[in-house]
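> A structural model of the following input is requested.
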Amino acid sequence: MIVIPAVDIRDGKVVRLLRGDFSKEIVYSNDPVKTAIRWQSEGAKRIHVVDLDGAFEGKLKNLNWIRKITAALDIPIEVGGGIRTEAELKTILSSGATYAILGTRACEDENFLKEAVDEYGERIMVSLDVRDGYLHTKGWVHPTEIKAIDFAQKIKMLGIKTIEYTDISRDGTLQGPAIENISKLLGEVTIDVIVSGGISSLKDLKDIIELKKKTIAGVIIGRALYDGKILLKEANKIC
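Prediction:
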């Protein structure tokens with residue numbers, strides 16, 4: 001299991017949102033590149049980059065920042081937010097990103113997802129942004145009637161190897177991860193999972209580790225790192 005610092009970009013700034021609410025934003029930096037370099041220098045093995053403007057507007061908006069980050073770093077970069085077309089997917093994966101994270105389009109278009117997997121293989125990951133067991137799309141503002149577990153099972157059959165599971169109700173809250181929900185997902189679907197949402201302490205990381213599921217591939221941490229509640233070096237030691 002690896003620790004993956006989050007670099008969420010909105011209007012060219014590194015921010016964190018509370019439960020995905022764009023009106024509840026904390027700005028941490030005016031330079032996403034320097035922020036990403038900082039996490040690499042502190043021992044990050046991968047960086048999670050999200051184009052928040054893109055997620056909300058439905059098209060890539062921070063491509064220049066993404067390109068600058070991938071050019072500046074030597075570690076794998078995963079990028080999500082606003083990747084809704086084949087052209088945008090190709091652009092992200094040719095810009096230096098190691099992985100592309102599909103969310104809304106993956107939920108809406110099974111053929112698009114299948115073609116993406118056929119073309120790019122394990123470089124395609126799918127984001128499951130979940131509230132009360134159901135997926136939310138379009139920057140987390142659009143609830144669907146798709147059950148997260150059912151969707152995870154379906155996309156596994158399409159060839160997806162890794163999903164990113166975010167509990168929206170916990171994201172940015174520092175209230176701890178939704179352990180029960182994570183455990184339920186892992187019990188139903190055998191697929192690599194990267195967990196996100198609510199992680200606030202080393203104890204939270206240990207709680208995830210104690211699930212003893214080999215399919216937990218990583219944890220994405222945002223606010224806890226930026227607020228200094230978790231030191232990346234210490235987190236790496238226990239993961």
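
> what about the helices in this protein?
For the chain, applying DSSP state H gives helices covering 32-41, 52-57, 63-72, 86-94, 104-108, 110-120, 148-157, 179-188, 202-209, 223-226, 232-238.

> Output the ones you listed in a markdown table, with mean neighbour count, distance to residue 215 and mean pLDDT appended to each entry.
Quick note: C-beta positions are derived from backbone N, CA and C, even for glycine. Formatted as a markdown table, the helices of the chain follow (neighbours: other C-beta atoms under 10 Å; distance: least, C-beta to C-beta, whole Å; pLDDT from 0 to 100):
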| stretch | mean neighbour count | distance to residue 215 | mean pLDDT |
| --- | --- | --- | --- |
| helix 32-41 | 19 | 25 | 99 |
| helix 52-57 | 22 | 26 | 89 |
| helix 63-72 | 18 | 27 | 97 |
| helix 86-94 | 17 | 24 | 97 |
| helix 104-108 | 21 | 19 | 92 |
| helix 110-120 | 16 | 18 | 97 |
| helix 148-157 | 18 | 11 | 96 |
| helix 179-188 | 16 | 6 | 91 |
| helix 202-209 | 17 | 12 | 94 |
| helix 223-226 | 22 | 23 | 95 |
| helix 232-238 | 14 | 18 | 97 |
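
> Let's have those in TSV, adding distance to residue 131.
Formatted as TSV, those follow (distance: least, C-beta to C-beta, whole Å):
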stretch	distance to residue 131
helix 32-41	27
helix 52-57	15
helix 63-72	27
helix 86-94	26
helix 104-108	14
helix 110-120	21
helix 148-157	9
helix 179-188	10
helix 202-209	19
helix 223-226	18
helix 232-238	26
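
> of all those, which lies closest to residue 137?
Taking C-beta to C-beta, helix 104-108 is the member of the helices of the chain nearest to residue 137, at 4.1 Å.

> closest to residue 133 out of the helices of the chain?
helix 148-157 (5.9 Å).

> Next, work out how far apart the residue lying farthest from the centre of the chain and residue 86 are.
Within the chain, residue 111 marks the point farthest from the mean C-alpha position, 22.3 Å out by C-alpha atoms, centre = their mean. In this structure, residue 111 and residue 86 are 11 Å apart, going by C-beta to C-beta, to the nearest Å.

> Next: residue 93.
Applying C-beta to C-beta, the value for residue 93 to residue 86 is 11 Å.

> Kindly report the same for residue 108.
14 Å.

> list the contacts for the nearest residue to residue 26 once chain neighbours are set aside?
Nearest non-adjacent residue to residue 26, counting by C-beta to C-beta, 6 or more residues apart in numbering: residue 16, 4.9 Å away. Residue 16 makes contacts with 6, 8, 25, 26, 28, 172, 222, 223, 226, as judged by C-beta atoms under 8 Å, 6 or more residues apart in numbering.

> Any quick ChimeraX command for the buried ones out of these?
ChimeraX command restricting the contacts of residue 16 to the buried ones, with burial defined by 16 or more other C-beta atoms under 10 Å:
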select :6,8,25,28,172,222,223,226
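
> Mind picking the two most distant members of the contacts of residue 16?
6 and 25 (14.0 Å).

> mind checking how far residue 18 is from residue 72?
29 Å.

> ok, back up a step: closest one to residue 142 among the helices of the chain?
helix 104-108 (7.9 Å).

> Just the CA trace of that closest one, in PDB.
C-alpha atoms of helix 104-108 as PDB (Å, rounded to 0.1, in the frame of the first residue of the first chain):
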ATOM      1  CA  THR A 104     -18.400  10.600 -15.100                       C
ATOM      2  CA  ARG A 105     -17.800   9.300 -18.700                       C
ATOM      3  CA  ALA A 106     -17.000   5.800 -17.300                       C
ATOM      4  CA  CYS A 107     -20.400   5.800 -15.500                       C
ATOM      5  CA  GLU A 108     -22.300   7.000 -18.600                       C
END
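
> Done for today, thanks.
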